[in-house]
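S.K.: Coordinates for the following, if possible.
(one chain, ligands or ions: 1)
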Amino acid sequence: LPDLKDKVALITGAGSGIGRAAALLLARQGMKVCLVDLKDDRLKQTKQEIESAGGQAMTVEIDISDPNQVEQAFEQTAKTWGRINFVFANAGINGVLAPIEDMKSEDWDRTLSVNLKGTFLCVKHAIPHMKEIGGSIVITSSINGSRTFSGFGMTAYSSSKAGQVAFAKMAALELAQYKIRVNAICPGSIKTNIGENTQPTAELEKIKIPIEYPEGNQPLEHAPGQPEQVANLVAFLASDASNHISGTELFMDGAESLL
Ligand code: NAD
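M.R.: Residues are numbered from 1 along each chain as shown. Okay, here's the model as predicted:
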């Protein structure tokens with residue numbers, strides 16, 4: 001794995017799942033990591049785990065859909081560590097799952113606010129810190145952004161994930177002048193805590209689609225992927241080993257998207 005010594009990373013959703021696994025790996029590879037998440041004990045646990053392994057970490061508790069809080073997180077990181085080289089815009093929610101005709105407008109807005117506006121805010125506030133020195137930004141989208149087989153009632157989630165890919169491509173084009181690379185990663189099913197914030201509604205039963213999603217749905221492993229597998233891809237994209245890669249969407253799904 002690449003050497004990331006003395007570089008600085010800001011990671012959202014670092015208290016759990018993919019963000020946590022990425023934080024642990026990047027810190028192990030020598031990065032100083034700012035762990036961003038909602039107020040939650042799991043965030044402090046990630047910090048302790050990194051520090052007890054000899055790494056360096058700080059925490060910032062914010063809601064990534066709040067513009068002022070996101071700006072503050074970037075300011076605090078730059079003030080503490082002196083610079084920001086890598087941003088992992090990863091925090092996200094499944095949100096409320098409902099048929100379109102029953103989806104409340106405020107529930108739609110919340111999913112889009114966290115997943116898509118939160119991503120926009122992270123990139124926006126990264127730019128002032130990266131435009132002089134270049135950098136890398138990775139956005140966690142999903143195979144659900146282009147393939148919607150695995151979840152009924154996930155129109156808001158899938159729309160936000162597709163939006164993240166389009167945003168990553170436009171951002172890559174716009175920010176190339178500053179040597180800032182932007183890529184979207186698209187995991188398939190990964191074993192994390194994302195189910196905890198999923199809010200299915202009773203109305204989901206109304207959705208009749210004549211397909212069945214097969215159990216053990218990943219041809220390569222016949223099981224969901226692990227956050228640590230995604231973290232390996234994140235470390236590669238954070239490093240100079242990927243310095244010719246920008247504007248891509250990278251699937252990491254054990255061939256699930258081919259089903
Ligand atoms: P997770 O629930 O384990 O972790 C997500 C983290 O984001 C949590 O710690 C949560 O507190 C944080 N978060 C949620 N809303 C936030 C907010 N408003 N402000 C700050 N932090 C917030 O889930 P995960 O699976 O690790 O999810 C990480 C990303 O991966 C998400 O964007 C998700 O859509 C994406 N993803 C997950 C899967 C999967 O199968 N788990 C598949 C494809 C994509």
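S.K.: When you work out contacts or count neighbours from here on, use the C-alpha atoms and nothing else.
M.R.: Noted.
S.K.: Tell me which helix or strand in this structure has the weakest average pLDDT.
M.R.: Ranked by mean pLDDT, DSSP states H and E, the helix or strand of the chain with the weakest confidence is strand 198-200, at a mean of 94.
S.K.: Contacts for the longest helix that the chain contains next, please.
M.R.: Counting by DSSP state H, the longest helix found in the chain is helix 155-175. With Cα atoms under 8 Å, 6 or more residues apart in numbering as the test, helix 155-175 has contacts from 93-95, 97, 100, 108, 111-112, 115-116, 119-120, 139-142, 144-146, 148, 180-184, 246-249.
S.K.: Could I get the buried residue list for that helix?
M.R.: The neighbour-count check on helix 155-175 (16 or more other Cα atoms under 10 Å) flags 155-169, 171-172, 175 as buried.
S.K.: mind saving the C-alpha coords of it as PDB?
M.R.: Taking Å, rounded to 0.1, in the frame of the first residue of the first chain, the C-alpha atoms of helix 155-175 are listed here in PDB:
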ATOM      1  CA  THR A 155     -35.600   6.700  -5.200                       C
ATOM      2  CA  ALA A 156     -34.200   9.500  -3.100                       C
ATOM      3  CA  TYR A 157     -31.100   7.600  -2.100                       C
ATOM      4  CA  SER A 158     -30.400   6.400  -5.700                       C
ATOM      5  CA  SER A 159     -31.000   9.900  -7.100                       C
ATOM      6  CA  SER A 160     -28.500  11.300  -4.500                       C
ATOM      7  CA  LYS A 161     -25.900   8.700  -5.400                       C
ATOM      8  CA  ALA A 162     -26.300   9.300  -9.200                       C
ATOM      9  CA  GLY A 163     -26.000  13.000  -8.400                       C
ATOM     10  CA  GLN A 164     -22.800  12.400  -6.600                       C
ATOM     11  CA  VAL A 165     -21.200  10.800  -9.700                       C
ATOM     12  CA  ALA A 166     -22.300  13.600 -12.000                       C
ATOM     13  CA  PHE A 167     -21.000  16.100  -9.400                       C
ATOM     14  CA  ALA A 168     -17.600  14.300  -9.100                       C
ATOM     15  CA  LYS A 169     -17.100  14.400 -12.900                       C
ATOM     16  CA  MET A 170     -17.900  18.100 -13.200                       C
ATOM     17  CA  ALA A 171     -15.800  18.900 -10.200                       C
ATOM     18  CA  ALA A 172     -12.800  16.900 -11.600                       C
ATOM     19  CA  LEU A 173     -13.000  19.000 -14.800                       C
ATOM     20  CA  GLU A 174     -13.300  22.300 -13.000                       C
ATOM     21  CA  LEU A 175     -10.600  21.600 -10.400                       C
END
